[in-house]
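S.K.: Quick check, what structure comes out for this input:
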Amino acid sequence: MVEDEAGTVTRLLGELDAGNKEAMRALFPLVYDEVRRLAHQQRRAWHGDFTLDTTALVHEAYLKLVGSEHVGARTRVHFLGIAAKAMRHILCSYARERQAEKRGGAAPKLSLDLLGDAAGAISFSDDQADILSALDDALQRLGAVEPRLSEVVECRFFGGLTIEDTATALGSSAATVKRDWALARAWLFHELADKASA
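M.R.: Numbering: from 1, shown residues only. From the prediction side, this is the model:
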């Protein structure tokens, strides 16, 4: 990103934070490629009949962000973290809808490998929508007790952000993000293991 464009993004984020809804319309084209990369990463992780393709996921995220009362992004990377969170909500809503269609099936089989070190290394099929739904439920519980840990998971897992970009997005150090990432994975592993054995 060239320096003038970076300054424009920062200015537009400030305008957006001040309540100027038109700033989002000017901002989104400047970050579109990066948001599309995040959406493509999420789309690539889901195999099967997935009607919400990359473009549709980007557009749904845009509509969700435009409809928000307060986005609150301070930097480009912070905005990408917020976009990743919006995509998480969209994907998890989709997973819940898929799960509702399958009511009466066997209890979900949760793979604890999904919390591995590499962000974006997981893949889901339509039949595994229950895993994403269970992860979202656990992430909501984590957010209720440790919001920062939940935000780290959103940035790393759903956004595919690096440790450094996650630190920038959340306004913390890379060392803190590494520690939070390890704690969040351990907490979620425990939560999902309990659900799988229940």
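S.K.: Could you give the separation of stretch 7-22 from the chain centroid?
M.R.: Distance of stretch 7-22 from its chain centroid, counting by Cα atoms, centre = their mean, to the nearest Å, is 22 Å.
S.K.: And for stretch 75-88?
M.R.: Offset of stretch 75-88 from its chain centre (Cα atoms, centre = their mean): 7 Å.
S.K.: pLDDT (mean, whole number) over that stretch?
M.R.: The average pLDDT for stretch 75-88 rounds to 86.
S.K.: Can you list the neighbours in contact with that stretch?
M.R.: 1, 6, 9-10, 13, 27, 31, 34-35, 38-39, 42, 57, 60-61, 64-65, 71-73, 136, 139, 151, 154-155, 158-161, 165-166, 168-171 (Cβ atoms under 8 Å, 6 or more residues apart in numbering). C-beta: built from backbone N, CA, C; applies to glycine.
S.K.: Could you list the buried residues of the helix or strand containing residue 193?
M.R.: Taking DSSP states H and E as the definition, one finds residue 193 inside helix 174-197. By 16 or more other Cβ atoms under 10 Å, the buried positions in helix 174-197 come out as 176, 177, 180, 181, 184, 185, 187, 188, 191, 192.
S.K.: Kindly report the same for stretch 81-100.
M.R.: 81-88, 90-92, 94-96, 98-99.
S.K.: How far does it sit from its chain's centre?
M.R.: 8 Å.
S.K.: Mind listing residues that contact whatever helix or strand residue 23 lives in?
M.R.: Using DSSP H and E, residue 23 maps to helix 22-44. For helix 22-44, the surrounding residues in contact (Cβ under 8 Å, 6+ apart) are 5, 8-9, 12-13, 15-16, 50, 52-55, 57-58, 61-62, 65-66, 71, 76, 79-80, 83-84, 87, 91, 120, 123, 158-160.
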